[in-house]
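In: could you look at this predicted model? Sequence included:
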Amino acid sequence: MRGPKAYKNFIKGEWVKSRTNKTFEDINPANTDDVVGIFQQSDQRDVNDALNAAAEAYKKWRLVPAPKRGEILYRVAQRIVKDKERLSRDMTREMGKVLVETRGDVQEAIDMTFYMAGEGRRQFGQTIPSELPEKYAMTMRQPLGVCVMITPWNFPMAIPSWKMMPALIMGNTVVVKPATDTPLSVFNLVQIMHEEGIPAGVVNMVTGSGGAVGMPLINDKRVGCISFTGSTEIGRKISEACAPEFKHCHLEMGGKNCIMIMDDANIDLAVDGALWGAFGTTGQRCTASSRIIIHKKVYNKFAAKFVERVKSLKVGDGLDPSIQMGPAVSESQMNSVLDYMRIGKEEDGAKLLCGGGRFTGGKYNKGWFTMPTVFGDVRPGMRIFHEEIFGSVTDLIPAKDYDEAIELANNCAYGLSASIYTQDINLAFRAMRDVYTGIFYVNAPTIGAETHLPFGGTKHTGNGHREACVQALEVFSEWKSVYVDFSGTIQRAQIDNI
Ligand code: UN1
């Protein structure tokens, strides 16, 4: 029998082995007998090679007209469309989420690539009247140079594309370090980019650990920008590492997102939304609905209907079309979620309404399957109220009225996404104004962001930047103000215009 396929790093347009001669395995979380691939366990030397290649390629790539760069991205997008099914299956196998969701992930990469291809013909600046005669003023964007992307495992193709496509269309070159749990999806994307005409050195991929690959990338003086999605803890370290050189740093971190359900809400719609928001992607989304704040008048009604639906969720291998929720991505992720289930059970006053452990027996023994879990009567002060769990656990939190619901919603270190279920248009607009998050939904759960709107959050979720939409261009470029004096005389600003 043939063993699993071995995949290499991608540096200067070539597939190359790591200088370490060491590799690691990419394992299917639904069946640990299934080794999806063997990947390079790289170190500082590979990072150095990739940065050299990216720095060299930048000299030419920045001068390629942006519409031409866009034409390559159009071809990349069309190719992802063509290969969508293969890419989605690979992703379910390495990451675990169900096939309909990995198709969504690949679709998000398609949307982002088409969007940013279009930016090749926009990237608008402004023209501005000068305060002096015979003088012209305008603004233009300029690229930063080499941009580094450190990408997560929960959206293994979508999020790398959110970072790479805007960086490339602006004329930057890229080194990407995929999450060690999901390198195949980034490999697939980079392979397509190469085959569809991205020049050598413009996109480079180095696989390996955060310590051996991520840190040397972050600390290198040649790097103009780091874009990271992951935990707040690592984000803080990256931010500190970038500070001495004032390196551009874009961080997309944790969430503890809430759905607020008012007493006039359509309860069946709210149950559907909460189920999808809390347990889609096995709860492993930064945007997951991990707190459900419910008006006390409808608390019992909602809780009963919701728990019944949660109990009936079919959990298993995401490649099986009848399955609704896949496994946790890895053993360590499962253990961290199981830990929170234990913490929840021990919290004074919280009630375990369903779930609370892992599935065992039969096929479940080969994977990292956690139960969809709901805690009731959760209150501020409890750890499960405040801390991001990133797994199949959600909280039900009673609120006496709208004002208390808002207070509970904002009682949170994070500020990514929130939502309200109500039929009252006035209340919906008040909530839009009163909740301090980067994303807000009305009569929908906290997940489901589209690529042509800015994505990101407030407080400990981010550091003031946004991905996606034109806002992503801000991360990967700097403005230059240009003044052209065609008077042929010396004209002193602020002095000769009086
Ligand atoms: C994430 O959770 O890291 O809005 C990204 C959503 C998806 C993206 C989630 N479109 O849930």
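Out: Perfect, I can see it now. Every value quoted in this text rests on a predicted model; they were computed, and no experiment measured them.
In: for Thr281, list the residues it contacts.
Out: Remark: with contacts taken as CB atoms under 8 Å, 6 or more residues apart in numbering, Thr281 is in contact with Lys97, Glu101, Asn154, Ala288, Ile447. Quick note: C-beta positions are derived from backbone N, CA and C, even for glycine.
In: do that again at 7 Å, thanks
Out: Contact analysis of Thr281 by CB atoms under 7 Å, 6 or more residues apart in numbering lists Lys97, Glu101, Asn154.
In: which of those residues are close to the ligand?
Out: Subset of the contacts of Thr281 in contact with the ligand: Asn154, counting by CB under 6 Å from any ligand atom.
In: residues in contact with the closest residue to the ligand within the stretch 1-150 of the chain?
Out: Across the stretch 1-150 of the chain, no residue is closer to the ligand than Glu108, which sits at 5.8 Å (CB to the nearest ligand atom). Neighbouring residues of Glu108 by CB under 7 Å, 6+ apart: Ala158, Thr451.
In: and it, that's in a helix?
Out: Yes: assessed with DSSP: H, G, I helix; E, B strand; the rest coil, Glu108 lies in a helix.
In: which of the contacts of Thr281 fall in helices?
Out: Glu101 (DSSP state H).
In: turn the contacts of Thr281 into JSON lines, including neighbour count.
Out: Shown next, in JSON lines, are the contacts of Thr281 (neighbours: other CB atoms under 10 Å):
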{"residue": "Lys97", "neighbour count": "27"}
{"residue": "Glu101", "neighbour count": "23"}
{"residue": "Asn154", "neighbour count": "27"}
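In: Asp434: how many residues sit nearby?
Out: By the measure other CB atoms under 10 Å, the count of residues near Asp434 is 18.
In: show me the contacts for it.
Out: Contacts for Asp434 (CB under 7 Å, 6+ apart) come out as Ile406.
In: so how far is the ligand from it?
Out: According to CB to the nearest ligand atom, to the nearest Å, Asp434 and the ligand sit 21 Å apart.
In: and that residue, its phi and psi?
Out: Main-chain torsions, Asp434, degrees, to the nearest 10: phi -90, psi -20.
In: cool, and Ala6?
Out: According to degrees, to the nearest 10, Ala6 has phi -100, psi 130.
In: next one: the nearest residue to it once chain neighbours are set aside, what pLDDT does it get?
Out: Leaving aside its sequence neighbours, Ala6 sits nearest to Ile38 (CB to CB, 6 or more residues apart in numbering; 4.3 Å). Predicted confidence (pLDDT) for Ile38: 98.
In: try the one 10 residues further on
Out: pLDDT, the model's per-residue confidence, is 98 for Asn48.
In: mind checking the SS state of it?
Out: Asn48 ends up helix, using three-state DSSP.
In: is it true that Gly357 touches Arg342?
Out: No: counting by CB atoms under 7 Å, Gly357 stays clear of Arg342, with 9.0 Å between them.
In: out of those two, which sits in the busier spot?
Out: More crowded of Gly357 and Arg342, by other CB under 10 Å: Gly357, with 13 against 10.
In: which strand residues bridge Glu458?
Out: Actually, residue 458 is Thr. It isn't Glu. Beta-bridge pairing for Thr458 (DSSP bridges): Gly415.
In: how far away is Tyr402 from the ligand?
Out: With the distance defined as CB to the nearest ligand atom, Tyr402 ends up 25 Å from the ligand.
In: residues near the residue nearest to that residue when sequence neighbours are not counted, how many?
Out: Spatial nearest neighbour of Tyr402, chain neighbours left out: Leu427 (6.2 Å); criterion: CB to CB, 6+ apart. Leu427: 18 surrounding residues under other CB under 10 Å.
In: flag every buried residue along whichever helix or strand Leu427 is part of.
Out: For Leu427, the enclosing helix or strand under DSSP states H and E is helix 425-434. Across helix 425-434, burial judged by 16 or more other CB atoms under 10 Å covers Leu427, Ala428, Arg430, Ala431, Asp434.
In: farthest-apart pair in those residues, please.
Out: Ala428 and Asp434 (10.9 Å; CB to CB).
In: what's the overlap in contacts for the two?
Out: With the criterion set as CB under 7 Å, 6+ apart, the contacts of Ala428 and Asp434 do not overlap.
In: residue contacts, the residue nearest the centre of the chain?
Out: Centroid check for the chain by CA atoms, centre = their mean gives Ile159 as the closest residue, at 4.7 Å. Neighbouring residues of Ile159 by CB under 7 Å, 6+ apart: Thr151, Pro152, Thr229.
In: count the neighbours of the nearest residue to the last one once chain neighbours are set aside for me.
Out: Okay, so that is Thr229. Of all residues not flanking Thr229 in the chain, Glu252 sits nearest, at 4.2 Å (CB to CB, 6+ apart). Neighbourhood size, Glu252 [other CB under 10 Å]: 26.
In: who in the stretch 101-250 of the chain is up against the ligand?
Out: Near the ligand, when you scan the stretch 101-250 of the chain using CB under 6 Å from any ligand atom, you find Glu108, Asn154, Phe155.
In: OK, contacts around the closest residue to the last one other than its chain neighbours?
Out: Distance criterion CB to CB, 6+ apart; nearest residue to Phe155, sequence neighbours excluded, is Asp105 at 5.4 Å. By CB under 7 Å, 6+ apart, the contact set of Asp105 is Met91, Phe155, Pro156, Met157, Ala158.
In: switch the contacts of Ile159 over to TSV; also include distance to Ile267 and secondary structure.
Out: Formatted as TSV, those follow (distance: CB to CB, whole Å; DSSP: H, G, I helix; E, B strand; the rest coil):
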residue	distance to Ile267	secondary structure
Thr151	38	coil
Pro152	34	coil
Thr229	34	strand
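In: can you redo these as CSV with neighbour count, pLDDT and distance to Phe302?
Out: Below are the contacts of Ile159 laid out as CSV (neighbours: other CB atoms under 10 Å; pLDDT from 0 to 100; distance: CB to CB, whole Å):
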residue, neighbour count, pLDDT, distance to Phe302
Thr151, 27, 98, 36
Pro152, 21, 98, 31
Thr229, 26, 98, 32
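In: which of those sits closest to Pro183?
Out: Thr151 (9.8 Å).
In: how about the secondary structure of the spatially closest residue to that closest one that is not a sequence neighbour?
Out: Sequence neighbours aside, Pro160 is the residue nearest to Thr151 in space, at 4.6 Å (criterion: CB to CB, 6+ apart). Following three-state DSSP, the label given to Pro160 is helix.
In: let me know how buried Pro160 is, in neighbour terms.
Out: 29.
In: picking that back up, so what pLDDT did the residue nearest to Tyr402 get?
Out: Leu427 is given a pLDDT of 97.
In: is it true that it touches Met262?
Out: Yes: between Leu427 and Met262 there is a contact at 6.3 Å, judged by CB under 7 Å.
In: still on that earlier bit, next, format the buried residues of helix 425-434 as TSV and append distance to Ala493.
Out: Shown next, in TSV, are the buried residues of helix 425-434 (distance: CB to CB, whole Å):
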residue	distance to Ala493
Leu427	51
Ala428	48
Arg430	46
Ala431	47
Asp434	44
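In: overlap of the contact sets of Leu427 and Met262?
Out: Common neighbours of Leu427 and Met262 (CB under 7 Å, 6+ apart) are Tyr402.
In: now what about stretch 214-224, what contacts it?
Out: 44, 47, 51, 55, 144-148, 150, 175, 177, 226, 238, 241-242, 245, 247-248.
In: now do stretch 9-20: distance to the chain's middle.
Out: Between the centre of stretch 9-20 and the centre of its chain there are 26 Å (CA atoms, centre = their mean, to the nearest Å).
In: span of it from start to end?
Out: In terms of CA to CA, to the nearest Å, the two terminal residues of stretch 9-20 are separated by 12 Å.
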